[in-house]
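# A structural model of the following input is requested.
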Amino acid sequence: MDNHTKDIFGSFIQAVGTIESAIGSTPIEALSKRLLNNLTVKGNVLQAVGCGLSADAQETISFEKIGDEVQSIGNVTVIIGLLLKLKNQQNKKLVITGNGLQALGALISLTDEFNDRTQSGRNYNIIGNALQSIGNSMQAVSGIYDLQENKGEDAEILDILGSWIQAVGSIFSLVGQVLEERDEAEKHQPE
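All right, here's what the predicted structure looks like:
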């Protein structure tokens, strides 16, 4: 798989993962809490793999590569927080940290877009990374609210909104990545 295809595939896997996590964070009466939790875990796994593939597709060290790596580490941290049988507060703190790392990773990737020479997809990637950072920040704040007493409903609403904002951002980033990689591949085609 060439790097252009790997980057697009990584963005696709990440988008699928964010949508799956958003579904998992949304209380749906027809789905059990266990199934929703499994969707959240699996979605974070897909996000970690997608970010890892996108980072691996970058041939040189860049803010985009570092941002993808930080996001992947953030997803792994969330997964650990969701799966380990620690004290409830410690699990929540791991999830908060993971969401914060994802927000930071999206911001790092965002800075790369302002210097990107490939114009195609640039605006989509800027919007996508900004939305992902906002969404992950909202999820981190929801986790902090959840640690406080009497903030349960506010925390849940913030988490749901943050999850869906991140998912929309990942779709924007996927579209931007497809446009960017297509143009870069065309520029390197022998005539």
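
# Any idea how far the helix of greatest length in the chain is from the middle of the chain?
In the chain, taking DSSP state H as the definition, the longest helix is helix 152-187. Centroid separation for helix 152-187 versus its chain: 7 Å, with Cα atoms, centre = their mean, to the nearest Å.

# cool, and stretch 55-69?
In terms of Cα atoms, centre = their mean, the centre of stretch 55-69 is found 15 Å from the chain centre.

# could we number from 9 for the rest of this?
Got it, the first residue is 9 from now on, which makes the last one we talked about stretch 63-77.

# list the contacts for G177?
Contact analysis of G177 by Cβ atoms under 8 Å, 6 or more residues apart in numbering lists T26, A114, I135, G136, N137, A138, L139, Q140, S141, I142, G143. Every residue, glycine included, has its C-beta placed from N, CA and C.

# May I have the residues that are in contact with the second one?
Shown here is A114, whose contacts under the criterion Cβ under 8 Å, 6+ apart are G75, Q79, N137, A138, Q140, S141, N144, G177.

# List the contacts of the residue nearest to the second one when sequence neighbours are not counted.
Beyond its immediate neighbours in the sequence, the residue positioned closest to Q79 (Cβ to Cβ, 6 or more residues apart in numbering) is G113, lying 3.3 Å away. Listed by Cβ under 8 Å, 6+ apart, the contact set of G113 reads C59, I74, G75, D76, E77, V78, Q79, S80, I81, G82.

# what helices or strands is whichever strand or helix holds the fifth one leaning on?
E77 belongs to helix 71-91 when assigned by DSSP states H and E. Using 3 or more Cβ pairs under 8 Å, 6 or more residues apart in numbering; DSSP states H and E as the contact criterion, the secondary-structure elements in contact with helix 71-91 are helix 41-65, helix 96-121.

# I'd like these written out as TSV, with distance to D167 added.
Output for those, formatted as TSV (distance: least, Cβ to Cβ, whole Å):
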stretch	distance to D167
helix 41-65	10
helix 96-121	9
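
# quick one: which of the ones you listed is nearest H12?
Checking the helices and strands packed on helix 71-91 against H12 by Cβ to Cβ gives helix 41-65 as the closest, at 7.5 Å.

# Just name whatever secondary elements that closest one is in contact with.
helix 11-33, helix 71-91, helix 96-121.

# For these, give me JSON lines that also has distance to S40.
Output for those, formatted as JSON lines (distance: least, Cβ to Cβ, whole Å):
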{"stretch": "helix 11-33", "distance to S40": "11"}
{"stretch": "helix 71-91", "distance to S40": "16"}
{"stretch": "helix 96-121", "distance to S40": "20"}
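
# Which one, of the ones you listed, ends up nearest to W172?
helix 11-33 (4.9 Å).

# Show me where the chain dips below the pLDDT cut-off.
157-158, 160, 197-199 (pLDDT under 70).

# what about the closest residue to L54 other than its chain neighbours, neighbour count?
With sequence-adjacent residues excluded and distances taken as Cβ to Cβ, 6+ apart, L54 is closest to G25, at 2.9 Å. Residues within reach of G25, counting by other Cβ atoms under 10 Å, total 23.

# I am finished for the moment; much appreciated.
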